[in-house]
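Visitor: Predicted model follows, preceded by the sequence.
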Amino acid sequence: MSWTHDTLGQRVRMATGTAAEALAEEVDRLGARRVMVVAGPAEASLAATVTAGLPVALRHDEVVMHVPVEVAERAREAATAAAVDAVVTVGGGSTTGLGKAVALTSGLPLLAVPTTYAGSEATDVWGLTEGAVKTTGSDLRVLPRTVVYDATLLTGLPRHLSVASGLNALAHCVDSLWAPRADPVNAALAGEGARALAAGLPAVAADPDDLRARELTIQGAYLAAVSFASAGSGLHHKICHVLGGRYDLPHAETHATVLPHVLALNAPQAPAADERLAAAFGSPTGLAGLQRLRAELDAPRALRDHGFREEDIPDAVAAVLPVVPPSNPTPVTTENLTALLRAVWEGADPS
């Protein structure tokens with residue numbers, strides 16, 4: 001056996017009910033005196049409360065899904081004009097992604113306060129969309145110096161978004177088991193992340209105010225993201241990046257819908273990964289456990305419900321095939337990828 005594992009250096013705080021105080025302490029640790037706060041309009045009130053104790057020089061609210069290049073450029077220009085010395089994001093994956101875009105070119109320290117289970121805050125992965133093409137990369141400049149989690153900040157997340165975002169986190173676990181840099185360390189993280197998400201998500205869906213369930217789901221999402229940051233993007237993420245960037249599909253819902261189909265394709269050729277997932281779900285197979293969880297959560301089933309058109313399938317296949325990781329357990333062909341995307345489009349059961 002031969003493998004190399006990279007562990008990213010990051011400070012993480014679980015501060016349920018005390019995010020504002022924890023964030024102020026972390027900003028002070030950095031010595032920042034002119035902070036840029038990135039938060040979309042929907043999170044403006046929440047962000048104002050969380051950042052009340054900070055030396056805010058700029059509040060920026062132009063947050064767009066998939067981080068279009070022109071949106072990133074405007075945020076970078078605003079940061080330069082305001083002479084900020086740190087960036088704080090309060091929001092989901094798109095908000096964190098915009099903060100990363102600023103940090104990528106400026107080198108400014110980034111702190112993240114997540115309000116979903118996206119997991120971007122725990123990775124050094126950035127993504128930008130230009131035209132219909134989403135480009136991703138990794139750079140330590142975009143890894144937040146500190147992440148502050150607060151379960152109370154997620155209680156207002158609508159049930160359907162909690163489900164989709166949580167399944168997006170679960171996709172990090174699954175893809176980490178056969179991604180290009182998969183290793184025993186991130187496999188262990190992925191397995192524990194899947195276990196926590198499988199236990200936490202149904203409880204969150206049943207009672208959005210259950211803070212213990214929120215904390216468990218946050219922990220699962222964080223472990224999932226850490227494993228993904230080490231293992232890299234597998235087939236699932238390659239497919240979803242094409243679908244999201246090319247057809248402007250909603251990020252979390254796309255991941256939630258594609259996931260069981262990729263698992264069904266790969267599990268027969270990845271028995272160790274399947275056994276780990278089955279153990280995490282407490283089920284005979286990984287797919288059986290995932291499908292049971294999805295049924296319990298009433299998870300998204302069909303991408304045609306979110307804007308993906310049947311006539312786009314051949315174009316999507318052609319765009320995905322060149323980026324399929326060589327590490328994928330099952331050889332990916334035009335035929336099986338077409339069948340997979342057609343099933344994703346129509347909401348058929350994975351096979």
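Guide: Here it is on my side, so go on. From a predicted model like this one, the values you see are computed outputs, not experimental measurements. Residues are numbered from 1 along each chain as shown.

Visitor: Only C-alpha atoms from now on, for both contacts and neighbour counts.
Guide: Fine.

Visitor: Low-confidence stretches in the stretch 1-150 of the chain?
Guide: By pLDDT under 70, the stretch 1-150 of the chain has no low-scoring segment.

Visitor: Helices of that one, residue ranges please.
Guide: Here the stretch 1-150 of the chain has its helices, by DSSP state H, counting those that start in this stretch, at 19-30, 44-50, 69-81, 93-106.

Visitor: Ok, the stretch 251-351 of the chain next?
Guide: Using DSSP H, counting those that start in this stretch, helices in the stretch 251-351 of the chain cover 251-266, 271-281, 286-297, 313-320, 334-346.

Visitor: Run the angle between the last one and helix 313-320 for me.
Guide: Right, the one you point to is helix 334-346. Counting by axes from the mean of the first three to the mean of the last three Cα atoms, to 10 degrees, helix 334-346 points 120 degrees away from the direction of helix 313-320.

Visitor: what's the answer for the longest one, then?
Guide: Following the same axes, to 10 degrees, one obtains 80 degrees for the angle between helix 251-266 and helix 313-320.

Visitor: Please save the CA atoms from the longest helix along the chain in CSV.
Guide: When the chain is parsed with DSSP state H, its longest helix is helix 184-206. C-alpha atoms of helix 184-206 as CSV (Å, rounded to 0.1, in the frame of the first residue of the first chain):
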residue,chain,number,x,y,z
PRO,A,184,-7.6,5.5,4.4
VAL,A,185,-7.6,8.7,6.4
ASN,A,186,-10.2,10.5,4.3
ALA,A,187,-12.2,7.3,4.0
ALA,A,188,-12.5,7.2,7.8
LEU,A,189,-13.5,10.8,7.9
ALA,A,190,-16.1,10.2,5.1
GLY,A,191,-17.5,7.2,6.9
GLU,A,192,-18.0,9.1,10.2
GLY,A,193,-19.4,12.0,8.3
ALA,A,194,-21.9,9.8,6.6
ARG,A,195,-22.9,8.3,9.9
ALA,A,196,-23.5,11.7,11.5
LEU,A,197,-25.4,13.0,8.5
ALA,A,198,-27.6,9.9,8.4
ALA,A,199,-28.5,10.4,12.1
GLY,A,200,-28.8,14.2,12.1
LEU,A,201,-30.7,15.0,8.9
PRO,A,202,-33.9,13.1,9.7
ALA,A,203,-34.0,14.7,13.1
VAL,A,204,-33.5,18.2,11.6
ALA,A,205,-36.2,17.5,9.0
ALA,A,206,-38.6,16.4,11.8
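
Visitor: Next, the angle helix 184-206 makes with the helix or strand just after it.
Guide: Moving toward the C-terminus from helix 184-206, the next helix or strand (DSSP states H and E) is helix 211-231. Helix 211-231 runs at 150 degrees relative to helix 184-206, counting by the same axes, to 10 degrees.

Visitor: who does helix 211-231 touch, helix- and strand-wise?
Guide: Packing partners of helix 211-231 (3 or more Cα pairs under 8 Å, 6 or more residues apart in numbering; DSSP states H and E): helix 159-176, helix 184-206.

Visitor: which residues does residue 50 contact?
Guide: 19, 20, 23 (Cα atoms under 8 Å, 6 or more residues apart in numbering).

Visitor: Now the closest residue to the first one other than its chain neighbours: phi and psi?
Guide: What it means is residue 19. Once flanking residues are discounted, residue 19 sits nearest to residue 150: 5.7 Å by Cα to Cα, 6 or more residues apart in numbering. Dihedral angles of residue 150 (phi, psi; degrees, to the nearest 10) stand at phi -150, psi 110.

Visitor: ranking the helices of the stretch 1-150 of the chain by burial, who's on top?
Guide: Compared across those, helix 93-106 shows the largest average neighbour count, a mean of 25 (mean count of other Cα atoms under 10 Å).

Visitor: Export only the CA atoms of it, formatted as CSV.
Guide: Provided in CSV are the C-alpha atoms of helix 93-106 (Å, rounded to 0.1, in the frame of the first residue of the first chain):
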residue,chain,number,x,y,z
GLY,A,93,-21.8,27.9,-0.3
SER,A,94,-22.3,30.8,-2.8
THR,A,95,-21.4,33.3,-0.1
THR,A,96,-18.3,31.4,1.0
GLY,A,97,-17.4,31.0,-2.7
LEU,A,98,-17.5,34.7,-3.3
GLY,A,99,-15.3,35.3,-0.2
LYS,A,100,-12.9,32.8,-1.6
ALA,A,101,-12.8,34.6,-4.9
VAL,A,102,-11.7,37.8,-3.1
ALA,A,103,-9.1,35.9,-1.1
LEU,A,104,-7.8,34.1,-4.1
THR,A,105,-6.5,37.3,-5.8
SER,A,106,-5.9,39.4,-2.7
